[in-house]
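*Asks:* quick one, fold the following:
(one chain, ligands or ions: 1)
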Amino acid sequence: MDQGSVHASPAAEPIYDCIVIGAGPGGLQAAIYLGRFNRRVLLLDRGGGRTAHAKAIENFLTQPSITGKRMIELGLEQARSFKVGIETGMVTSVTKQENFEVAAGSKRFLSRFVVAGTGIYDIIPPLGNLAPFFGTSFFTCIDCDGYKTIGKKLVVMGDTIETVRLAFAMRELYTGDVSLVLSGPEPPEDYREELRNRGIALYLGVPGRIVGMAGMEAVELKDGRQVAANAVMANFGFKLNDSYLKDVQLKRSSNGSIVVNGNYESSLNGLYVVGPLNTGHDQAVIAAGQGAVAAIDINKRLFEF
Ligand SMILES: Cc1cc2nc3c(=O)[nH]c(=O)nc-3n(C[C@H](O)[C@H](O)[C@H](O)COP(=O)(O)OP(=O)(O)OC[C@H]3O[C@@H](n4cnc5c(N)ncnc54)[C@H](O)[C@@H]3O)c2cc1C
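*Replies:* Down below sits the predicted model:
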C-alpha cells in the first residue's frame with residue numbers, strides 16, 4: 001500500500017478528504033487533481049474495467065494512439081507522484097453517517113467525500129471465439145471504434161430497434177458494406193424498407209460464434225447461417241458497475257443512470273459520480289473532464305470543514 005498522510009479521527013481511524021473508487025480515466029483524473037491540491041486521497045480499484053480492454057484509444061487529446069492499459073499505468077504513476085494512496089480492492093459498500101464509510105473486503109475506510117468512477121460493462125451474449133477479436137475487430141462503441149470500421153465488411157448485431165439505427169449510422173459514416181444481425185423483435189416495415197434502400201442485408205437470428213483465426217471471416221448464427229464479416233459492431237446495451245451503492249438512496253434517471261448536478265455530485269451530499277455511471281457516454285476524455293470538475297468542487301468544499 002502506498003498512502004498519503006491522513007488525519008486521525010478520535011478513534012484513531014484515518015479520515016481521508018476523499019476516497020476515489022475506480023482507477024479509470026474518471027477516477028484517476030479526480031485523484032490526480034485532489035492529490036495535487038495536497039488533499040488526503042485514497043484511490044481504491046479492483047483491477048480490470050473498460051479502459052483496460054481498449055486496445056487503441058485514438059481520440060484523446062495529445063495521444064494519437066494509446067492502449068487503455070498504458071493510460072491507466074501512466075495515470076497511476078501520476079497519482080502516486082502527488083501522494084495519492086492506492087489500494088487494490090473490490091469496493092462492496094458505501095454508507096454515510098457523519099462521514100462516508102467505504103468497505104473493500106474486510107477493510108473499512110472513512111472519508112468526507114467520495115468520487116465514484118467505476119464505469120459500466122457491456123452486455124454481450126455468449127459468443128464462441130470472441131476473445132481474439134474483442135477490441136481489434138469486434139467493437140461495442142461507435143464513438144470509440146466506429147472509425148476503425150472504415151471500408152470494412154461490417155456486421156452490426158444487437159437486439160433492439162436502436163441496433164437498426166446503429167446500422168444506418170454505420171452505413172452513413174463508415175462503410176458501404178453493412179449486414180444487420182438482429183436477435184430482438186422484427187423491425188417495423190418502414191425500417192425494413194429503409195434497410196433495403198440502403199443495401200443493408202437483414203438476418204433475424206441469434207449470433208453463435210465468430211469464424212476466423214488470424215482474422216475475422218464471418219459471424220455464424222446459431223442456426224448455422226454464416227454472414228461474411230471482418231468487423232463487428234455489437235449493441236446489446238450495458239450495465240452499471242454500481243452494486244456497492246445499493247445502501248445509499250440515489251436519484252436515478254429512467255434508464256438507471258445516476259442523476260448528478262453540474263459538478264457531478266449525486267443526490268447524496270458529498271457523493272460525486274463521474275463517467276458513464278451518470279450519462280452512459282463512455283469516453284475517456286469525458287470521464288476525465290468530469291473527474292477534474294468534481295475534484296475542483298470537492299477541494300472548494302473542503303475549506304468548509
Ligand atoms: C474495447 C474498448 C475500446 C474503447 N475505446 C475507447 C476510445 O477509443 N476512446 C475513448 O474515449 N474511450 C474508449 N473506451 C471507453 C473508455 O475506456 C472508458 O470506458 C471510459 O473512459 C470510462 O471511464 P471510467 O473511468 O468511467 O471507467 P472505466 O475505465 O471503466 O474504469 C472503471 C474502474 O473502476 C474499477 N471498478 C469497477 N467496480 C469497482 C468496485 N466495485 N470496486 C473497485 N473498483 C471498481 C474497474 O476495475 C476500473 O478500473 C473503450 C472501451 C472499450 C471496452
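*Asks:* roughly how far does the residue of the stretch 51-200 of the chain found nearest the ligand sit from Asp282?
*Replies:* Here the stretch 51-200 of the chain gets closest to the ligand at one residue, Gly119, 2.4 Å apart by Cβ to the nearest ligand atom. Placement of C-beta: from N, CA and C, glycine included. Applying Cβ to Cβ, to the nearest Å, the value for Gly119 to Asp282 is 7 Å.
*Asks:* what do these two both touch?
*Replies:* The contact sets of Gly119 and Asp282 overlap at 50, 275-276 (Cβ atoms under 8 Å, 6 or more residues apart in numbering).
*Asks:* ok, Gly119 and Asp282, which is more surrounded?
*Replies:* Neighbours per residue (other Cβ atoms under 10 Å) separate Gly119 from Asp282, with Gly119 holding more: 24 against 21.
*Asks:* next, count neighbours for Arg108.
*Replies:* Neighbour count of Arg108, defined by other Cβ under 10 Å: 12.
*Asks:* okay, it: pLDDT?
*Replies:* For Arg108, the pLDDT comes out at 96.
*Asks:* wait, it touches Val102, no?
*Replies:* Yes: between Arg108 and Val102 a contact is recorded at 7.3 Å, counting by Cβ atoms under 8 Å.
*Asks:* what is in contact with those two at once?
*Replies:* By Cβ under 8 Å, 6+ apart, no residue touches both Arg108 and Val102.
*Asks:* re earlier: list the contacts of the residue of the stretch 51-200 of the chain closest to the ligand.
*Replies:* When contacts are counted by Cβ under 8 Å, 6+ apart, Gly119 touches 22, 24, 26, 49-51, 241, 275-277, 282, 287.
*Asks:* dump the shared contacts of Gly119 and Asp282 to a markdown table, plus neighbour count and distance to the ligand.
*Replies:* Converted to a markdown table, those look like this (neighbours: other Cβ atoms under 10 Å; distance: Cβ to the nearest ligand atom, whole Å):
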| residue | neighbour count | distance to the ligand |
| --- | --- | --- |
| Arg50 | 23 | 3 |
| Gly275 | 35 | 2 |
| Pro276 | 25 | 5 |
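*Asks:* and which of the residues you listed is nearest Ile296?
*Replies:* Among those, Gly275 lies closest to Ile296 (Cβ to Cβ), at 16.4 Å.
*Asks:* from Ser266, how far off is that closest one?
*Replies:* According to Cβ to Cβ, Gly275 and Ser266 sit 13 Å apart.
*Asks:* which stretches of the stretch 151-300 of the chain form strands?
*Replies:* For the stretch 151-300 of the chain, the strands defined by DSSP state E, counting those that start in this stretch occupy 153-158, 177-182, 201-204, 207-212, 216-221, 226-228, 231-235, 238-240, 271-273.
*Asks:* pLDDT below threshold where in the stretch 1-150 of the chain?
*Replies:* Residues of the stretch 1-150 of the chain that meet the criterion pLDDT under 70 lie in 1-12.
*Asks:* which residues of it lie near the ligand?
*Replies:* By Cβ under 6 Å from any ligand atom, the residues of the stretch 1-150 of the chain that approach the ligand are 21-27, 44-51, 53-54, 57-60, 68, 90-91, 117-119, 135, 141, 144-145.
*Asks:* that'll do, ta.
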